[in-house]
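*Asks:* turn this into a model:
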Amino acid sequence: MVACSQPLAAEIGLRVLKQGGNAVDAAIAIAAALNVTEPCSTGVGGDCFLLFFDATTKQVRGLNGSGRSPAALTRDQALSDLGADALRIPSGHGHAVTVPGTVAGWVDAVEAWGTLAMAEVLAPAIALAREGFPVSPLTAASWQRGKTQLLRGPHAAELLTAEGEAPKAGQIFANPNLAACFEKVAKRGKAAFYEDGRIARAIVEMVTSQGGVMTLEDLKAHTSTFVTPISTRFQGVDVHEIPPNGQGITALLALNILSQLAKDSPLPAQGSADELHLQIEALRLAFADAKWFVSDMEHNTTMPVKELLSEGYAQQRAALVDRQKAAVDPKRGSPELSCDTVSFQVVDAQGNAVSMVNSNYEGFGTGLVPKGCGFTLQNRGCNFELHGSEVGHPNALAPNKRPYHTIIPGLSTFADSGELHSSFSVMGGFMQPQGHVQVLSHLLLHGMNPQEALDAPRFSIDVDRPTKPGTSEGGSTVLVETALGADVIEALRSQFGHKIREVEGLKRSTFGRGQIILRDPESGVLCAGSDGRADGCAMGCGPAASGVKSQVTSKDKAILDLKNARDRLKKYQTRLDIEANQLHESAKRLLKADKREQQMKQADEHLIQVLGMLDTVEWETQQLQVFEGLKAGNSILNAIHKVSAQNPLFCHAVLSELAEIEKQEAESLAAVLPEAPTTALETGMSASSPLFVHVDLLDPMI
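*Replies:* Reported below is the predicted structural model:
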């Protein structure tokens, strides 16, 4: 099952699943298709974050595909170019461009966890870009709004019609330059994008022409980072997020505060002004912490993530919430040390799940199109604190540094079983953690289904207001959808004292565009929803109707299991290579910066991951040996069968001999095979595999 903001991209993801790809393959195929169909939100000029639930091991893994600032971009350089009074890097300036991390993230994810070749994954998007597609209504409106961004650079025509206009709804638009870029990546992988080729040179030329200092060496040095997700427990499920530099911790902080408030007294009724007031206050406190602490953990080696997510700290922050009125200006705490984005969800037939977010930031990002490439460059550098070094801000601009990042995929698992609960996201800048809190509350506190949870009216705290250190805004404005109801809105304003601004119509995109896939723990049935604030939809496909006998024989299943075991071993070897290279590069950066303690900590984390993979590889290797032995034995038995059919006396002698061989074989296997690790017991075709709710049918062998 898939859920995303564009029907054509959703159909491509479903097609990849039907053709034998897994959730990761489908997710990357969707990401590429969204670059084609919604370039005003996402593309290979931006970044990506991904959470992957492995149904076999019940582990949640993460990939941080965000890029770093150029090596030559210092605070002094930026202020010299922009002016000493600049509060942030302008969104269209070359300094706003961090190294695009998307392509590396796509390739690394497929190599580590996918089953298809990159060429197979990108083929549908290549065809879509080359042949053209009908532009959807809301995307057409966003494209029109972003036209001024495109006109900042000399190559805007690559993303406009022949008449120099944004395409209208229903108009066919093709992007052959983007198709050519995808084809290069399909053939050469990351090297086609980051090394000294046409794409890399075009990126550097465009950035430097707009005042930036990016070099080819900055692109060559880029690496994705495999990360261990951070999590908290809320209403019986473990909610997982990518760790900083992403802002996922904001949602976890707010959920922790709400959990503490629920211990004091029951949370208010769904949709009431009282409930919204508590959620707003919890999120304002969470943002006060996040806007200070969230930064690149390779630079901020003392970030107190564990302490921020502790129960004791949640109690301190919850105590600051006034149930009767809005806080004037919430400040960050001090724990003691001990919609300019796309998001999409995929769950495959084996139960693997991917939650992924891909983004340019601020629509088309900078709006700058590298010549002949058909995509725009992101402007994540706008999120650096230009004056942060004056007060020791962790997110202060520095060379080779990742900025505070807004994109956050979400994934939840049942606390008692470790099984998948949901894969979800709500894209849209600083709305994203707010959306996570609101839709999870709808799902877990109020029992809504995914579509109900996404359709429910939302609020959004306006937090994106950069100020100089030491200044204060006196409280954030709260944007609300008019569908909340006049009485509720008035109560928030007059009773609780919130600064309210009502939003309706197309401007509702301010409240994000969410996607959810929810799994029933009893039946394994998947239920999905797609946000009506976007053009998207949810699609599923599944096995034949109940009562229809499967055509998969035990022999077919054994062959399929053998193939899967071989494929998994190849993937684990690739992942081990990636982990080793990543650790090596991280160690070089940290040692160069004289951060040995942080380097040792990262080395320990990588070692734990590698040891876990080695255990799985050992089991898979032994399983593969058994399969090969069974395959050889089957060939011998077939030969014996032919002879025995012609000679009954020979058959009797052979059966007697086989009884003794069978006994010896059982003893040998018992000695060779250890007990299967519990994480490896769930096979892709077990009785508990998820069912899909859509009526399209898969071939029984898939």
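*Asks:* tell me where the stretch 151-300 of the chain has strands.
*Replies:* Using DSSP state E, counting those that start in this stretch, the strands assigned to the stretch 151-300 of the chain run over residues 172-173, 225-227, 230-234, 237-241.
*Asks:* enumerate every residue touching Leu377.
*Replies:* Leu377 makes contacts with 45-46, 97, 100, 203, 206-207, 360, 365-366, 368-370, as judged by Cβ atoms under 8 Å, 6 or more residues apart in numbering. To be clear about C-beta, it is placed using only N, CA and C from the backbone, and glycine gets the same treatment.
*Asks:* swap in Trp143?
*Replies:* So Trp143 contacts Pro39, Cys40, Val135, Ala166, Pro167 (Cβ under 8 Å, 6+ apart).
*Asks:* give me the distance between it and Ser41.
*Replies:* For Trp143, the distance to Ser41 equals 10 Å [Cβ to Cβ, to the nearest Å].
*Asks:* ok, now Thr376?
*Replies:* Distance, Thr376 to Ser41, by Cβ to Cβ: 10 Å.
*Asks:* quick check: neighbours shared by these two?
*Replies:* Common contacts of Thr376 and Ser41 (Cβ under 8 Å, 6+ apart): Asn360.
*Asks:* just give me the neighbour total for the nearest residue to Ala290 once chain neighbours are set aside.
*Replies:* Of all residues not flanking Ala290 in the chain, Thr250 sits nearest, at 4.2 Å (Cβ to Cβ, 6 or more residues apart in numbering). For Thr250, the neighbour count with other Cβ atoms under 10 Å is 30.
*Asks:* show me which helix or strand of the chain is least confident by mean pLDDT.
*Replies:* The weakest-scoring helix or strand in the chain, judged by mean pLDDT, DSSP states H and E, is strand 696-697 (a mean of 30).
*Asks:* so Arg198 touches Pro370, yeah?
*Replies:* No: shown here, Arg198 and Pro370 do not form a contact pair, counting by Cβ atoms under 8 Å, at 9.3 Å.
*Asks:* and these two? Which one has more around it.
*Replies:* Comparing Arg198 with Pro370 by other Cβ under 10 Å, the one with more neighbours is Pro370, at 26 against 15.
*Asks:* how many residues are close by the closest residue to Ala156 other than its chain neighbours?
*Replies:* Excluding the flanking residues, the one nearest Ala156 by Cβ to Cβ, 6+ apart is Leu150, at 3.9 Å. Neighbourhood size, Leu150 [other Cβ under 10 Å]: 25.
*Asks:* the stretch 251-400 of the chain: helices as residue ranges?
*Replies:* Secondary structure of the stretch 251-400 of the chain by DSSP state H, counting those that start in this stretch: the helices cover 273-293, 305-308, 311-318.
*Asks:* what comes up buried for the second one?
*Replies:* This means helix 305-308. Within helix 305-308, the residues that qualify as buried are Val305, Glu307, Leu308, counting by 16 or more other Cβ atoms under 10 Å.
*Asks:* would a markdown table of the residues you listed with pLDDT and distance to Thr56 be doable?
*Replies:* Formatted as a markdown table, the buried residues of helix 305-308 follow (pLDDT from 0 to 100; distance: Cβ to Cβ, whole Å):
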| residue | pLDDT | distance to Thr56 |
| --- | --- | --- |
| Val305 | 94 | 28 |
| Glu307 | 94 | 33 |
| Leu308 | 95 | 32 |
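*Asks:* ok so, going back, return the subset of the contacts of Trp143 lying in helices.
*Replies:* Per DSSP state H, helices hold no members of the contacts of Trp143.
*Asks:* top of those by neighbour count?
*Replies:* Highest neighbour count within those, by other Cβ under 10 Å: Pro39, with 30 neighbours.
*Asks:* pLDDT at that residue, what is it?
*Replies:* On pLDDT, Pro39 comes in at 95.
*Asks:* likewise for Ala534?
*Replies:* For Ala534, pLDDT reads 86.
*Asks:* any idea how far it is from Pro167?
*Replies:* 17 Å.
*Asks:* list the contacts of Val357.
*Replies:* Contact analysis of Val357 by Cβ under 8 Å, 6+ apart lists Cys48, Phe49, Leu50, Thr341, Val342, Ser343, Ile407, Ile408, Pro409, Ser425, Met427, Gln432.
*Asks:* and the helices in the stretch 51-200 of the chain, which stretches?
*Replies:* Ranges of helices within the stretch 51-200 of the chain are 75-82, 102-113, 118-131, 137-145, 147-150, 176-188, 191-194, 198-209, based on DSSP H, counting those that start in this stretch.
*Asks:* could you export these as JSON lines, including distance to Val437 and mean pLDDT?
*Replies:* Listed next are these as JSON lines, based on distance: least, Cβ to Cβ, whole Å; pLDDT from 0 to 100:
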{"stretch": "helix 75-82", "distance to Val437": "33", "mean pLDDT": "94"}
{"stretch": "helix 102-113", "distance to Val437": "26", "mean pLDDT": "97"}
{"stretch": "helix 118-131", "distance to Val437": "33", "mean pLDDT": "97"}
{"stretch": "helix 137-145", "distance to Val437": "24", "mean pLDDT": "93"}
{"stretch": "helix 147-150", "distance to Val437": "30", "mean pLDDT": "94"}
{"stretch": "helix 176-188", "distance to Val437": "35", "mean pLDDT": "97"}
{"stretch": "helix 191-194", "distance to Val437": "35", "mean pLDDT": "97"}
{"stretch": "helix 198-209", "distance to Val437": "36", "mean pLDDT": "97"}
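*Asks:* so where's the chain shaky on pLDDT?
*Replies:* Regions of the chain meeting the criterion pLDDT under 70 cover residues 331-340, 388-391, 464-475, 543-587, 589-702.
*Asks:* circling back: most packed of the helices of the stretch 51-200 of the chain?
*Replies:* helix 102-113 (a mean of 25; mean count of other Cβ atoms under 10 Å).
*Asks:* and of the contacts of Trp143, the nearest to Ser295?
*Replies:* Among those, Cys40 lies closest to Ser295 (Cβ to Cβ), at 28.2 Å.
*Asks:* was I right to think that closest one contacts Ser142?
*Replies:* Yes: counting by Cβ under 8 Å, Ser142 is a contact partner of Cys40 at 4.5 Å.
*Asks:* find residues that contact each of those two.
*Replies:* Common contact partners of Cys40 and Ser142 (Cβ under 8 Å, 6+ apart): Gly363.
*Asks:* gap between Leu253 and Lys220?
*Replies:* The separation that Leu253 has from Lys220, given Cβ to Cβ, amounts to 37 Å.
*Asks:* okay, these two: which has more neighbours?
*Replies:* With neighbours defined as other Cβ under 10 Å, Leu253 and Lys220 compare such that Leu253 has more, 28 against 14.
*Asks:* assess the claim that Ala326 and Glu281 are in contact.
*Replies:* Yes: at 6.8 Å, Ala326 and Glu281 qualify as touching, with contact defined as Cβ under 8 Å.
*Asks:* run through who's touching stretch 269-281.
*Replies:* Residues outside stretch 269-281 that contact it (Cβ under 8 Å, 6+ apart) are 254, 258, 261, 267-268, 321-323, 326-327, 330, 437-438, 441-442, 445-446, 456-457, 459, 461, 478, 484-485, 487-488, 491-492, 495-496, 498.
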